[in-house]
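J.: Fold the following and give me the result.
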Amino acid sequence: MATTRTRMFMAMFGLVAATGLAFAHGDVAPQPVDTDALPDIGDEWLTENPYRDMGEDVWRTAIDIGSSGYNQNCARCHGLGAISGGLAPDLRYLEAEEEGDEWFMDRFQTGYTQNGITKMPAFGELLGQKAAWAIRTYVETRPDEGALDDFTPRLKELRDLLAEWGQSDGDGADPKTVSMELAEIATKIETGSGAPTADSVAFRASRQIDGTTASYKAAAETLTVGLSAAE
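T.: Numbers count the residues shown, from 1 in each chain. This is a model prediction of the structure:
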């Protein structure tokens, strides 16, 4: 039986589809996704995301590959960063459990047709299962709407501090403390799907800091871009 979150998503999909605006993909050709860095998961299509439980390195790789695959093939209809503009369901809210996985994979494999018109092409044979689950991993780790709001002032302060360290060759830097604070903030940022960890700017920035000037600049840039996109 579908969970409450998944039922809400399906109801939203039905409402959008009823308006005739569910998808507008048309004849855009699917773009290939390089999944060589991901572990093989066999030829038989799975019903649950395998990359959730293969360790953080695989999970991170799946997110990075899924981000590229999503932005090449899905963002046109489902929105940049999986934030829908209303033409298609907001995939952030498809629950990160087996019921949500099954719904996602059915659409990915078979596409969606309304009144004889293809609104979403079938990606299954063209992109393959590894790309499907990578995109699924990326989508389910998107932060919930407004999830950064309570933390934005402090994240901006940390960004400015990191940028200052990057400009001053790290003079007076305390990278461990800042990295730990970013990691702590990351644990409090919720996903729309209910997945336990959001691939947030705080999460990414905390892992970029390694005590070098270059890492301070990179983390500051990550926070700058991510906070700007969230506004």
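
J.: Pull out the buried residues from stretch 84-92.
T.: 84, 87-92 (16 or more other CB atoms under 10 Å). Quick note: C-beta positions are derived from backbone N, CA and C, even for glycine.

J.: Leu80 versus Thr35, what's the distance?
T.: For Thr35, the distance to Leu80 equals 22 Å [CB to CB, to the nearest Å].

J.: And Gly172, by the same measure?
T.: For Gly172, the distance to Leu80 - CB to CB - is 37 Å.

J.: Which residue ranges make up each domain of this structure?
T.: Annotated domains of the chain cover 4-140, 149-230 [automatic domain parsing].

J.: got a list of what Ser215 touches?
T.: 175, 208-209 (CB atoms under 8 Å, 6 or more residues apart in numbering).

J.: on that earlier part again, which one of Thr35 and Leu80 is surrounded by more residues?
T.: Thr35 (23 against 13; other CB atoms under 10 Å).

J.: doesn't Ala132 make contact with that one?
T.: No. Contact criterion CB atoms under 8 Å: Thr35 and Ala132 do not qualify, at 9.5 Å.

J.: The chain: helices as residue ranges?
T.: With helices called from DSSP state H, the chain shows them at 4-18, 56-73, 75-78, 98-110, 124-127, 129-140, 152-167, 175-188, 201-208, 213-230.

J.: Quick one: end-to-end distance for stretch 201-217.
T.: 14 Å (CA to CA, to the nearest Å).

J.: list the buried ones in it?
T.: So for stretch 201-217, counting by 16+ other CB under 10 Å, buried means 201-209, 212, 215-217.

J.: what do you get for stretch 67-82?
T.: So, applying 16+ other CB under 10 Å, buried residues of stretch 67-82: 67-74, 76-79, 81-82.

J.: Which residues outside it are in contact with it?
T.: By CB under 8 Å, 6+ apart, the list of residues contacting stretch 67-82 from outside reads 23-25, 28, 30-31, 33-34, 84-85, 87-92, 120, 123, 127, 131, 134-135, 138-139, 142, 229.

J.: So which of those residues sit within strands?
T.: Of the positions in the contacts of stretch 67-82, Met120 sit in strands, assigned by DSSP state E.

J.: quick one on the thing from earlier: so among the buried residues of stretch 84-92, where is pLDDT lowest?
T.: Sorting these by pLDDT puts Leu87 at the bottom of the list (75).

J.: so how far is Gly146 from it?
T.: Counting by CB to CB, the gap from Leu87 to Gly146 is 21 Å.

J.: cool, Gly86 as well?
T.: Gly86 is 17 Å from Gly146, by CB to CB.

J.: which regions of this protein sit below the pLDDT cut-off?
T.: Filtered on pLDDT under 70, the chain yields the residue ranges 1-28.

J.: Redo the buried residues of stretch 67-82 as TSV? Include distance to Asp106.
T.: Output for those, formatted as TSV (distance: CB to CB, whole Å):
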residue	distance to Asp106
Ser67	22
Ser68	23
Gly69	18
Tyr70	18
Asn71	22
Gln72	21
Asn73	17
Cys74	15
Arg76	21
Cys77	17
His78	16
Gly79	21
Gly81	24
Ala82	18
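
J.: how many other residues sit next to Trp165?
T.: As a burial measure, Trp165 scores 24 neighbours (other CB under 10 Å).
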